[in-house]
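K.L.:
when you get a sec, could you give me coordinates for this:
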Amino acid sequence: MCTMEYESVIGNGILTMVEAQDKYDALCAIMKQYHKENFEFNKAILPHTNVFQLTVLNITGKARMMKQ
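P.N.:
You can find the predicted model right below:
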């Protein structure tokens, strides 16, 4: 028998493009997840970057953890 531990989340929903005036704030919120300090990115990328918002309609998850 062969197995492994796993945790997964699966969901679906509706994607909408974030409007230009809200794009900077959305990117700042995303970067806060990856950097402890305030990450200053080049604002010149904004016209060349698409940001999408996911409105989750349903979500499921499952896990298999080995007994300790």
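K.L.:
so where's the protein shaky on pLDDT?
P.N.:
The model of the chain has no residue with pLDDT under 70.
K.L.:
tell me where it has strands.
P.N.:
6-17, 52-64 (DSSP state E).
K.L.:
what is the orientation angle of the longest one with strand 6-17?
P.N.:
What it means is strand 52-64. Here the directions of strand 52-64 and strand 6-17 differ by 170 degrees (axes from the mean of the first three to the mean of the last three CA atoms, to 10 degrees).
K.L.:
how about residues contacting strand 52-64?
P.N.:
Residues from elsewhere that reach strand 52-64 (CB atoms under 8 Å, 6 or more residues apart in numbering): 3-18, 26. Heads up, the C-betas are built off the backbone N, CA and C, glycines and all.
K.L.:
which residue, neighbours along the chain excluded, lies closest to the residue nearest in space to the middle of the chain?
P.N.:
Per CA atoms, centre = their mean, the C-alpha nearest to the average position across the chain is that of Ile30, at 7.3 Å. Distances taken as CB to CB, 6 or more residues apart in numbering place Val51 nearest to Ile30, at 7.9 Å, with adjacent residues excluded.
K.L.:
my read: that neighbour touches Met17, true?
P.N.:
Yes: taking contacts as CB atoms under 8 Å, Val51 lies within contact range of Met17: 7.3 Å.
K.L.:
what about these two, which has more around it?
P.N.:
Between Val51 and Met17, counted using other CB atoms under 10 Å, the more crowded position is Val51 (17 against 10).
K.L.:
okay, the more buried one and Thr16: tell me how far apart.
P.N.:
Using CB to CB, to the nearest Å, we find Val51 at a distance of 10 Å from Thr16.
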